[in-house]
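*Asks:* Turn this into a structure:
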Amino acid sequence: MPVTSPTPTAQRPSSSPSADAQGVPPQALHLWELVSTASTPLGVVDEAGAVVHSNAALDDLLAQATFLAEWLRDVEATQAKRTSVSVPGQSPVELYLEALRDGHRLLFAWREDATEPGADRDPLTGLGSRARFERLLKSERYDTLLLLDLDRFKAINDTLGHDAGDQLLKLAAKRLLKAIRNDDPIVRLGGDEFAIFHCVGEGGVATAVRIAERIIKLLGGPFLVDSQTVHVGASVGVASLRAGDTSREELYRHADLALYAAKANGRNRYWCFEEALEAQANDRREMEAQLRQALMLGQLRLYYQPQVDTTDRHVCGVEALLRWDHPHRGELTPEHFVPMAEEIGEIRPIGEWVLRHACAHASEWPNELSVAVNVSAGQIIDPRFIDTVRAALDAAKLAPARLELEVTEGVLMSNFPLILERLSAAKALGVSVTLDEFGTGYSSLNYLNRFPFSRIKIARSFVRGQQDDPRARNLVKCVLALGDSLGISTLASGIETQAQCDALIAIGCREGQGWLFGAPLNHEDLGAYLREHELSPLDTP
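*Replies:* Numbers count the residues shown, from 1 in each chain. A predicted model of the protein is given here:
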């Protein structure tokens, strides 16, 4: 644990004598001024050998070499002393301690290779490194930590390339330096993650919040990368030490929880740590453990919602809908657990299970019925994805044309070149590919131009609005016309009322899905539904 100064020096010293120097003899004020303006390790030691004033560079050193506290106490006050300090993983540091003068003496340090790049500096951005972060976290100078990452960095890195990603990180680092105080250390933790150490002082956490607001504003502006304008944005988590009940390890964890909350609540915002986040984190860990066992315990279920001809209600296909029968939370829909499954690496076995069971069930239906299965980015980028699709079809003896893979624009954005390659391979098998929730993303027309989708599903938000909103109705008409011109079939999702259906029929929509035509049904109940609509399931052995 580093040697720390008394309360008056708990904040970063300013460049001129201030409250930090209260009680200091006038003849020693020059020492405070010298330390406050120095960038090399520098401090003031009293006659008892305690460091009473120090800059951030010396704090870092004291955090690494805690034995220095004892060394300082043992040096005779009447003599100057020089020593060499060994720091793990770095070159030795030379220390010089002046003889006592007017009750104080100066302590300063230097490295022989101080001009060479070292482990303390991130080679890409020039900010502090992960190694420096570990030391700063131990320093008692800072009581507040801000963690941040760039919101859309991965998509830009994947689409423009790693060189462009590196260029963007350098530009972002320059803007971050403009957002913080000169005496707030900033480090790059890796990738697009950064950390800022801060001492809130009399302003309280509000000063850290103002920094977070500046970061979001500065990083929210456009960047020029490889002659292209890109937008990323940032999410920031803020945490501060609470008197006596927060350790420095907890400070990092609290800031990380706050960052996670900022991203979970829409990104491009900051979030301050609060006790409720601890409970949510514990709840999430419990749910992750339960999700890992859900397949083995048989808690996952498939339901099927009919897709029909809107004019005569003839069933032309079904969509497979995944549900988790959670032992305590009841029935959960995919949005409540699929993102988690992707994060913890469970999406591959779950996705395989869905494909296998959906194809097996579809093999029992009339040959004119297809089954649509939603697939996530985590599934598609798996090198074994195409083999998984092929194995599911072969095991069920299902014609590839009867399987339809549904992807959203969000999936395509995650890694478009690789996703495009895998979907093209799926189409080569004879499988159909549908663009789901069309119109809710950023590059819908670009995706239609780049990939020959078999079907477009109009987002339910447009379907709900088109009955009464002329603009929404015109948008649906445009999508229908676009599909016709490209030879792509179009299906409206989320149809709930007959009035909505009539309005869609009036503008030429011929395929639909929604509660008006039937609720999601389990495998057995779907058979009864098909018989009711004069489509008898095939006899099975």
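*Asks:* ok, longest strand in this protein?
*Replies:* Across the chain, the longest stretch assigned as strand under DSSP state E is strand 315-326.
*Asks:* packing partners for it?
*Replies:* Strand 315-326 sits against helix 275-294, strand 300-309, strand 330-332, helix 347-362, strand 370-374, helix 523-532, with contacts defined as 3 or more C-beta pairs under 8 Å, 6 or more residues apart in numbering; DSSP states H and E. Heads up, the C-betas are built off the backbone N, CA and C, glycines and all.
*Asks:* Now do the fifth one: which elements does it pack against?
*Replies:* With contacts defined as 3+ C-beta pairs under 8 Å, 6+ apart, the packing partners of strand 370-374 are strand 315-326, helix 347-362, strand 403-408, strand 432-438.
*Asks:* rerun at 6 Å
*Replies:* Applying 3 or more C-beta pairs under 6 Å, 6 or more residues apart in numbering; DSSP states H and E, one finds that strand 370-374 contacts strand 315-326, helix 347-362, strand 403-408.
*Asks:* For it, C-alpha coordinates in CSV please.
*Replies:* These are the backbone C-alpha positions of strand 370-374, laid out as CSV (Å, rounded to 0.1, in the frame of the first residue of the first chain):
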residue,chain,number,x,y,z
SER,A,370,-41.9,-24.1,-44.7
VAL,A,371,-40.4,-23.4,-41.3
ALA,A,372,-38.7,-20.1,-40.5
VAL,A,373,-35.9,-20.1,-37.9
ASN,A,374,-34.3,-17.0,-36.4
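*Asks:* ok now that strand, how far from the chain's centre?
*Replies:* In terms of C-alpha atoms, centre = their mean, to the nearest Å, the centre of strand 370-374 is set 29 Å apart from its chain centre.
*Asks:* That one pairs with which strands?
*Replies:* Each strand that pairs with strand 370-374, with its direction, by DSSP bridges: strand 315-326 (parallel), strand 403-408 (parallel).
*Asks:* just to revisit the earlier point, can you lay out the helices and strands packed on strand 315-326 as TSV showing mean neighbour count and mean pLDDT?
*Replies:* Putting the helices and strands packed on strand 315-326 into TSV (neighbours: other C-beta atoms under 10 Å; pLDDT from 0 to 100) gives the following:
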stretch	mean neighbour count	mean pLDDT
helix 275-294	14	90
strand 300-309	21	95
strand 330-332	13	95
helix 347-362	20	96
strand 370-374	23	96
helix 523-532	15	87
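*Asks:* so which of these comes closest to residue 199?
*Replies:* The closest of these to residue 199 is helix 275-294. By C-beta to C-beta, the value is 22.7 Å.
*Asks:* quick one: residue 468 and residue 462, what's the gap?
*Replies:* Counting by C-beta to C-beta, to the nearest Å, the separation of residue 468 from residue 462 is 12 Å.
*Asks:* More neighbours: which of the two?
*Replies:* residue 462 (22 against 11; other C-beta atoms under 10 Å).
*Asks:* quick revisit: go ahead and produce PDB holding the CA coordinates of the longest strand of the chain.
*Replies:* Extracted in PDB, the C-alpha atoms of strand 315-326 (Å, rounded to 0.1, in the frame of the first residue of the first chain):
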ATOM      1  CA  VAL A 315     -51.400 -21.400 -44.200                       C
ATOM      2  CA  CYS A 316     -48.200 -21.200 -46.200                       C
ATOM      3  CA  GLY A 317     -45.600 -21.600 -43.500                       C
ATOM      4  CA  VAL A 318     -44.800 -21.200 -39.800                       C
ATOM      5  CA  GLU A 319     -42.200 -19.400 -37.800                       C
ATOM      6  CA  ALA A 320     -40.400 -21.300 -35.000                       C
ATOM      7  CA  LEU A 321     -40.400 -19.300 -31.800                       C
ATOM      8  CA  LEU A 322     -38.000 -20.200 -28.900                       C
ATOM      9  CA  ARG A 323     -39.200 -20.100 -25.300                       C
ATOM     10  CA  TRP A 324     -37.500 -20.900 -22.000                       C
ATOM     11  CA  ASP A 325     -39.600 -22.300 -19.300                       C
ATOM     12  CA  HIS A 326     -37.700 -20.800 -16.500                       C
END
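*Asks:* average pLDDT across that strand?
*Replies:* Per-residue pLDDT over strand 315-326 has a mean of 95.
*Asks:* Quickly note the distance from the residue most central in space within the chain to residue 503.
*Replies:* Nearest to the mean C-alpha position of the chain, by C-alpha atoms, centre = their mean, lies residue 263 at 6.0 Å. As judged by C-beta to C-beta, residue 263 and residue 503 stand 38 Å apart.
*Asks:* swap in residue 156?
*Replies:* 40 Å.
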